[in-house]
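Sequence plus the predicted model coming up.
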Amino acid sequence: PPQESLFGSGDVIFSYDDIQVSLGNFKLTTSGSEIHSGEIIGILGPNGIGKTTFINMIANRAITENHKDGNDNNSKLSVSIKSQYIKIEEDKLVSDLITQIKLAPHLSQSYKKRLINNLLPIKNIISKFTKI
């Protein structure tokens, strides 16, 4: 179920001004904008254009503002970053991975099933129980 919101639907919950960052030869320039309650924002694009730099700048500003103004509503803002690369633990057995998924208390049963079922078709992996 969706998380309770402290904000009204469509309220501006965060805004930022134009951003310019230079890191060596790399330069990122963005226009300011607003984020509204209820929005989930994804940033997609080719490698090296500054997606992670941009979101880190936004996240750092949100954290700084939370501490500076003591606004209780701002402390409820969160930023999640999905890693571009998945780290594979070379010495982990597939059966151990499945057990880890089954025992994860923070995952719903339906999501656990989806994760495990997505592993099974991969080169008949369940019957091999080999290391990944």
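Now that the structure is in, tell me what you want to look at.

Could you use CA atoms for every contact and neighbour count after this?
Noted.

Need the contact partners of stretch 21-28.
19, 20, 29, 49, 50, 54 (CA atoms under 8 Å, 6 or more residues apart in numbering).

Excluding chain neighbours, what is closest to the first one?
On the basis of CA to CA, 6 or more residues apart in numbering, the spatially nearest residue to residue 19 that is not a chain neighbour turns out to be residue 30, at 5.2 Å.

gap between the one you found and residue 37?
Here residue 30 is placed at a distance of 21 Å from residue 37 (CA to CA, to the nearest Å).

circling back to that earlier point, ok, now which ones touch the residue nearest to residue 19?
So residue 30 contacts 18, 19, 20 (CA under 8 Å, 6+ apart).

could I get the residues you listed as CSV with distance to residue 118 and neighbour count?
Formatted as CSV, the contacts of residue 30 follow (distance: CA to CA, whole Å; neighbours: other CA atoms under 10 Å):
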residue, distance to residue 118, neighbour count
18, 41, 9
19, 40, 13
20, 41, 11
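
Would you format the residues you listed as TSV with secondary structure, distance to residue 110 and pLDDT included?
Converted to TSV, these look like this (DSSP: H, G, I helix; E, B strand; the rest coil; distance: CA to CA, whole Å; pLDDT from 0 to 100):
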residue	secondary structure	distance to residue 110	pLDDT
18	coil	42	91
19	strand	41	87
20	strand	43	89
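
just those residues now: which is nearest residue 104?
Minimum distance to residue 104 across these is 39.3 Å, recorded for residue 19 (CA to CA).
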